[in-house]
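> Sequence and computational prediction follow.
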Amino acid sequence: MVSKRDWMKALEEEQSAKLILHNQAEEISASHQKILGTEIPPLWERIKQEIYDVLRTTELQGLRFNVHPIGVDSLRIVIIRVPSLLPAQAVDVSFVPLKYKLEVVDTDGHCTLSELFFHIVSGRLVLSDGSRPIKDEGRDLAEVACQRLLEPLLRPYI
């Protein structure tokens, strides 16, 4: 059996990344669909747990958070400024399986606040912000995704 050359794998990975970014994820190669389909669901579970843990243990002054699932593929995060009981902001963090992406959508304005895309690079699952892969620096992808999704959301409140 002939093995696939590294340069061909790199071309396929580049093509898959471009198709995902252009909402044509259904066109990516079968081997990439298999890797993404196998690795993303358990990663999404770890990302959800990371979001729960981070928001449960945060000590950001004057803020309180409610986090609850919306179906299988979404979490609703409600940010409340203490002492108010009214939400300052509510967002849905969702995994969009057919597009291999994570997105944060403001529930009031229904606008997308941030997106992360799943790609394959050198045969391994990575995240990108759309323009380039995100360096994980050896950290767990769930931790990296959580930081990339929550930090821009929380920064205006500090």
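Noted; the coordinates are in hand. Numbers count the residues shown, from 1 in each chain.

> CA only for contacts and neighbour counts going forward, please
Will do.

> CA atoms only: put stretch 31-40 into CSV for me.
Taking Å, rounded to 0.1, in the frame of the first residue of the first chain, the C-alpha atoms of stretch 31-40 are listed here in CSV:
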residue,chain,number,x,y,z
SER,A,31,-10.2,11.4,6.4
HIS,A,32,-10.6,14.9,7.9
GLN,A,33,-14.3,14.4,8.5
LYS,A,34,-13.5,11.3,10.4
ILE,A,35,-10.8,13.0,12.6
LEU,A,36,-13.1,16.0,13.3
GLY,A,37,-16.1,13.8,13.9
THR,A,38,-14.3,11.7,16.4
GLU,A,39,-12.3,14.3,18.3
ILE,A,40,-14.6,17.3,18.5
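
> Now it: buried residues?
His32, Gln33, Leu36, Ile40 (16 or more other Cα atoms under 10 Å).

> pLDDT averaged over that stretch, what's the number?
Mean pLDDT, computed over stretch 31-40, is 83.

> Now do that stretch: everything it contacts.
Residues outside stretch 31-40 that contact it (Cα atoms under 8 Å, 6 or more residues apart in numbering) are Glu13, Ser16, Tyr100, Phe118, His119, Ile120, Leu125.

> and Gln89, what are its bridge partners?
Ile79 (DSSP bridges).

> Wait, it touches Ile79, no?
Yes: at 5.2 Å, Gln89 counts as touching Ile79 under the criterion of Cα atoms under 8 Å.

> Which one's more surrounded, these two?
More neighbours surround Ile79 than the other of Gln89 and Ile79, with 21 against 15 (other Cα atoms under 10 Å).

> Just the pLDDT at that one, thanks.
95.

> how about it, what does it touch?
Leu63, Arg64, Phe65, Asn66, Pro87, Ala88, Gln89, Ala90.

> Alright, calling it a day.
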